[in-house]
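Chemist: How does the following fold in three dimensions:
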Amino acid sequence: QVRLVESGGGLVQAGGSLRLSCADSGRTFSTYAMGWFRQAPGKEREFVAAISLNGDSTFYAHSVKGRFTISRDNAKNTVYLQMNSLQPEDTAVYYCAQDRSSYSGVHLREYEYGYWGQGTQVTVSS
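Modeler: Down below sits the predicted model:
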């Protein structure tokens, strides 16, 4: 049974940084790609970043590329999202997700992810 728990969200001023963590209590974490998505108030959930099962491939949304870094520690069953130079438009609930299949690359679409965390709120003040 996969259970994803996000942490690390909070309130930060523009220009600041936060590091999100997502811990997987399952036993097969290292065999699945992982992703981060976010949903701002009144908007649809959108892709943020993804990382392959062994961490050698990553992909970012254009809006966060160069500011956010996704990484994973398979020994700790944890995926991270380091967020730097945060802006008010980054305010959202951030979700981690696990790929539906043991795919060697990365997926960008919500439907390609089968397990989701409960989300963690990130608020960036101007």
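
Chemist: give the contact list for the residue positioned nearest the centre of the chain.
Modeler: Against the mean C-alpha coordinate of the chain, by C-alpha atoms, centre = their mean, the closest residue is residue 36 at 2.3 Å. By C-beta atoms under 8 Å, 6 or more residues apart in numbering, the contact list for residue 36 reads 20, 22, 48, 49, 50, 70, 79, 81, 94, 95, 96, 97. Bear in mind the C-beta positions are built from the backbone N, C-alpha and C, glycine included.

Chemist: go again using 7 Å as the cut-off
Modeler: 48, 49, 70, 81, 94, 96 (C-beta atoms under 7 Å, 6 or more residues apart in numbering).

Chemist: Now do the buried residues in the helix or strand hosting it.
Modeler: Residue 36 is part of strand 34-39 when elements are defined by DSSP states H and E. Residues of strand 34-39 classed as buried by neighbour count (16 or more other C-beta atoms under 10 Å): 34, 35, 36, 37, 38.

Chemist: circling back: if you rank the contacts of residue 36 by neighbours, which is first?
Modeler: Most neighbours among the contacts of residue 36, by other C-beta atoms under 10 Å: residue 96, with 30 neighbours.

Chemist: from the contacts of residue 36, which is closest to residue 12?
Modeler: Taking C-beta to C-beta as the measure, residue 12 lies nearest residue 94 of the contacts of residue 36, at 12.6 Å.
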